[in-house]
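Asker: just coords:
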């Protein structure tokens, strides 16, 4: 049974002072991702509307921010599928490498970015750099200043799932993971003068940090979940696996807020 308390505290950049139920340890009372400034897109499989049946195609993944950045796919053969009761009793969205992807109208990330993904690669035969969350405009997601990419790529016969983030043409890092295991990933980008600092965290632990010269501010007009962007078009290689939640902030939210969001994810999905 939850206990109810009256408390007022400042956590991250928001204030709370109402009677609220206590969640699991490590999660701020009353915290939701919109409590942190800069959330421009929020997709969670348990908030998809109009779909409740297992293996149903997902034509629209609702943006929970209320900003209307819904991830959509009008072509039925390219729609990922809704899978029930897959992670801590919650549904997920499953992507097939034959061409499942969703498209989003993107935005400017001139103040940096912080991305959170809850996902699990589900194939031992991934090859290339299969897109999880990628963006660009007229160019490619891997080599233009307006772009960014987060991909899963083949890294070896026994460890096929790698995570490769890249930002504004400065390159990325390939991290070996275990396929079919669930992780929550945090990709944090902070402009610093003429440079950009990139940090990658896996399930709450920083596993890579690097500083590179930034080519320009990222301001893509297209973003995709589950695919890549090449020459301004949505293209392969496509992701193969499940995604439970994605959070997109268009700024550097800072270490304390990263901890708050990660604790929210950890508690929600029992990771």
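Answerer: Here it is on my side, so go on. Just so it is clear, the model here is predicted, and its values are computed rather than measured. Residues are numbered from 1 along each chain as shown.
Asker: how about stretch 137-154: buried residues?
Answerer: Of the residues in stretch 137-154, those buried by neighbour count under the rule 16 or more other Cβ atoms under 10 Å are 137, 139-142, 144-154. Yep, even glycine has a C-beta here, placed from its N, CA and C like the rest.
Asker: ok, stretch 233-253 next?
Answerer: Of the residues in stretch 233-253, those buried under the neighbour-count criterion (16+ other Cβ under 10 Å) are 234-235, 237-253.
Asker: residue 264 falls within a strand, correct?
Answerer: No - counting by DSSP: H, G, I helix; E, B strand; the rest coil, residue 264 is located in no strand; its state is helix.
Asker: make sure it is actually in contact with residue 30.
Answerer: No - taking contacts as Cβ atoms under 8 Å, residue 264 lies outside contact range of residue 30: 10.9 Å.
Asker: look at those two and report which has more neighbours.
Answerer: More neighbours sit around residue 264 than around the other of residue 264 and residue 30, counting by other Cβ atoms under 10 Å; the figures are 23 against 19.
Asker: all strands of the stretch 151-271 of the chain, in order?
Answerer: Counting by DSSP state E, counting those that start in this stretch, the stretch 151-271 of the chain forms strands over residues 162-167, 175-176, 183-192, 195-202, 205-213, 222-225, 228-230, 233-235, 241-249, given from the N-terminal end onward.
Asker: quick check: angle from the fourth one to strand 205-213?
Answerer: Right, strand 195-202. Between the axes of strand 195-202 and strand 205-213, defined by axes from the mean of the first three to the mean of the last three Cα atoms, to 10 degrees, the angle is 160 degrees.
Asker: sheet-wise, list the partners of strand 195-202 with their directions.
Answerer: The sheet places strand 195-202 alongside strand 183-192 (antiparallel), strand 205-213 (antiparallel), with pairing taken from DSSP bridges.
Asker: where does pLDDT dip in this structure?
Answerer: Counting by pLDDT under 70, the low-confidence segments of the chain come to 1-28, 123-128, 153-179, 215-217.
Asker: can you map out the helices along it?
Answerer: Per DSSP state H, the chain has helices spanning 255-269. These are given in chain order.
Asker: domains of it?
Answerer: When the chain is parsed with automatic domain parsing, its domains come out as 1-31, 33-269.
Asker: now the terminal residues of stretch 30-45, how far apart.
Answerer: Start and end residues of stretch 30-45 are separated by 21 Å (Cα to Cα, to the nearest Å).
Asker: hmm, I was thinking of stretch 92-99
Answerer: In stretch 92-99, first residue to last residue: 18 Å (Cα to Cα).
Asker: got the buried residues for it?
Answerer: In stretch 92-99, counting by 16+ other Cβ under 10 Å, buried: 92, 93, 94, 95, 96, 97, 99.
Asker: how about the fifth one, what does it touch?
Answerer: Right, residue 96. Under the criterion of Cβ atoms under 8 Å, 6 or more residues apart in numbering, the contact partners of residue 96 comprise 80, 81, 238, 240.
Asker: quick one, which of the strands paired with strand 195-202 is nearest to residue 260?
Answerer: When the strands paired with strand 195-202 are compared by Cβ to Cβ, strand 183-192 sits nearest residue 260, at 11.5 Å.
Asker: give me the contact list for that closest one.
Answerer: Contact with strand 183-192 is made by 109-120, 148, 150, 163, 165, 167, 177, 196-204, 211, 214, 217, 252-253, 258, 261-262, 265-266, 269, 271, as judged by Cβ under 8 Å, 6+ apart.
Asker: surely residue 51 and residue 81 touch.
Answerer: No - Residue 51 is beyond contact range of residue 81, at 9.4 Å (criterion: Cβ under 8 Å).
Asker: of the contacts of strand 183-192, buried ones?
Answerer: Buried residues within the contacts of strand 183-192, defined by neighbour count using 16+ other Cβ under 10 Å: 109, 112-120, 148, 150, 163, 165, 167, 177, 196-201, 203-204, 214, 252-253, 258, 261-262, 265-266, 269, 271.
Asker: so residue 34 versus residue 229, what's the distance?
Answerer: For residue 34, the distance to residue 229 equals 27 Å [Cβ to Cβ, to the nearest Å].
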